[in-house]
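Colleague: Return atomic coordinates for the entry below.
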Amino acid sequence: MIIDIHGHVSAPQGLYAWKANQLAARGAHGRSPLKFTDEQLENALRGAPGVFGRAHLDQLDKHGTDIQLISPRPFQLMHSEKPAKIVQWWHEEFHNVIAENVRLHPDRFVGIAALPVVAGDPIKNALPEIERCVKMGFKGVIFNSDPFENDGRQPPPLDDRYWYPFYEKLCELDIPAMLHSAGSKSERENYSTHFITEETIAVVTYCNSKVFEDFPNLKIIIPHGGGAVPYQLGRYQAGTWARPKGERFLDKMRKLWYDCVLYNPESVEFFIKIMGADRIMFGTECPGTGSHLNPETGRACDDVKPSIDQIEWLSAADKKKIFEDNAKQVFKLKV
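Modeller: Residues are numbered from 1 along each chain as shown. This next block holds a predicted model:
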């Protein structure tokens, strides 16, 4: 079985038109909750190709993905906008569409929520929506470590007490959280580059903090191959070698989980060699940035499975861990 832990929902265009109206009116016209027909929802999944190439389900079929965990599209989440109510409403509408997709395809999709944190607001305000999603059957959450969306203001570091109510809720609900930044208001660093920046900062912060001492059952996932850290490991490991005692940086890294959303075989193989199959889950973020065709291979860049299949030194048991076993464990999937 192939379980892709990193997918984002494909939704009717009316969802994004609703967002545009809310941004224009700043919530002054009220919420006007959305309702899509099954036909509209299916068309978004199976209909005419959009900016990501083939339709969503067609791409999963072609790549051999059996089950995909889908969350809101991060760069759309507008955590830095005001008033806070439009951010909350937007997340709720996104989640409702995901729940409908899961209803239509219960053997294909699993729901993952997004933490509706608003820049500058208490984190506790975002927690009721996570509880609502878990009651709907969602199995995890993504969260943005930079709610200011790279506008020049600094968010609280991930070991700051600001985040502790969120960590407490994750442990209480026994669900994992994937750190996935969202938009970027900087013209110097677009949202895709900002993803890697935030993931790099997150790994270093968690490894140099007491978060996992305070929350030993916390399950945090770092996507996109762990940001830049695995490829700069020597720099971070060197500091711990200088200490006579204590955990090494790589040991601390293995308290986190990761996905292998990397779009070239060399990076996938290097990442697995560094981190080991025990801490990595399969992911593609398909359809998305990587859905463009790679002319060198004739396949879409986000067709990641062959990159793992072709690693000769990786055992069948370890491949199975990456493709399904780790995801079943972390997300408590009964499939």
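Colleague: Would you mark the buried spots in stretch 227-239?
Modeller: 227-230, 233, 236 (16 or more other CB atoms under 10 Å). In this view, the C-beta of every residue, glycine as well, is placed from N, C-alpha and C.
Colleague: so which of the residues you listed comes closest to residue 311?
Modeller: residue 230 (15.6 Å; CB to CB).
Colleague: And for the closest one, nearest residue in space, chain neighbours not counted?
Modeller: Of all residues not flanking residue 230 in the chain, residue 274 sits nearest, at 4.7 Å (CB to CB, 6 or more residues apart in numbering).
Colleague: Kindly report the same for residue 148.
Modeller: Residue 148's closest residue in space is residue 119 (CB to CB, 6+ apart), at 4.7 Å.
Colleague: Which parts of the protein are strands?
Modeller: In the chain, the strands defined using DSSP state E lie at 3-8, 67-71, 109-111, 113-114, 141-143, 177-179, 220-222, 257-259, 280-281, 293-294, 299-300.
Colleague: hang on, the earlier thing: can you tell me which of the buried residues of stretch 227-239 are in helices?
Modeller: Using DSSP state H, the members of these that fall within helices are 233, 236.
Colleague: can you list the weak-confidence ranges in the protein?
Modeller: Within the chain, the stretches with pLDDT under 70 are 48-53, 244.
Colleague: quick revisit: which residues touch the residue nearest to residue 148?
Modeller: 79-80, 147-149, 153, 155 (CB atoms under 8 Å, 6 or more residues apart in numbering).
Colleague: Out of the residues you listed, give me the one that has the most neighbours.
Modeller: When neighbours are counted by other CB atoms under 10 Å, residue 79 leads these with 28 neighbours.
Colleague: Quick check: it touching residue 144?
Modeller: Yes: the pair residue 79 / residue 144 is scored as a contact, 5.4 Å apart, by CB atoms under 8 Å.
Colleague: what residues do those two have in common as contacts?
Modeller: Common neighbours of residue 79 and residue 144 are listed as 117, 182 (criterion: CB under 8 Å, 6+ apart).
Colleague: How many residues are close by the residue lying closest to residue 11 once chain neighbours are set aside?
Modeller: Closest residue to residue 11 apart from its sequence neighbours, by CB to CB, 6+ apart: residue 97 at 4.8 Å. Around residue 97 there are 23 other residues, counting by other CB under 10 Å.
Colleague: what's near enough to touch residue 97?
Modeller: 9, 11-12, 15, 34, 36, 41.
Colleague: and the contacts of residue 119 as CSV, adding distance to residue 90?
Modeller: Listed next are those as CSV, based on distance: CB to CB, whole Å:
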residue, distance to residue 90
79, 10
80, 12
147, 13
148, 17
149, 14
153, 21
155, 19
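Colleague: about what we covered before: check the gap between the residue nearest to residue 11 and residue 169 for me.
Modeller: Residue 97 is 23 Å from residue 169, where distance means CB to CB, to the nearest Å.
Colleague: got it, and residue 250?
Modeller: From residue 250 to residue 169 the distance is 29 Å (CB to CB).
Colleague: Compare the two (neighbour count), which wins?
Modeller: More crowded of residue 250 and residue 169, by other CB under 10 Å: residue 169, with 21 against 17.
Colleague: Check the gap between the more buried one and residue 313 for me.
Modeller: 40 Å.
Colleague: And stretch 180-200, how far out from the chain middle?
Modeller: The chain centre lies 13 Å from the centre of stretch 180-200; the measure is CA atoms, centre = their mean, to the nearest Å.
Colleague: Residue 284 touches residue 63, doesn't it?
Modeller: Yes: between residue 284 and residue 63 there is a contact under CB under 8 Å: 6.7 Å.
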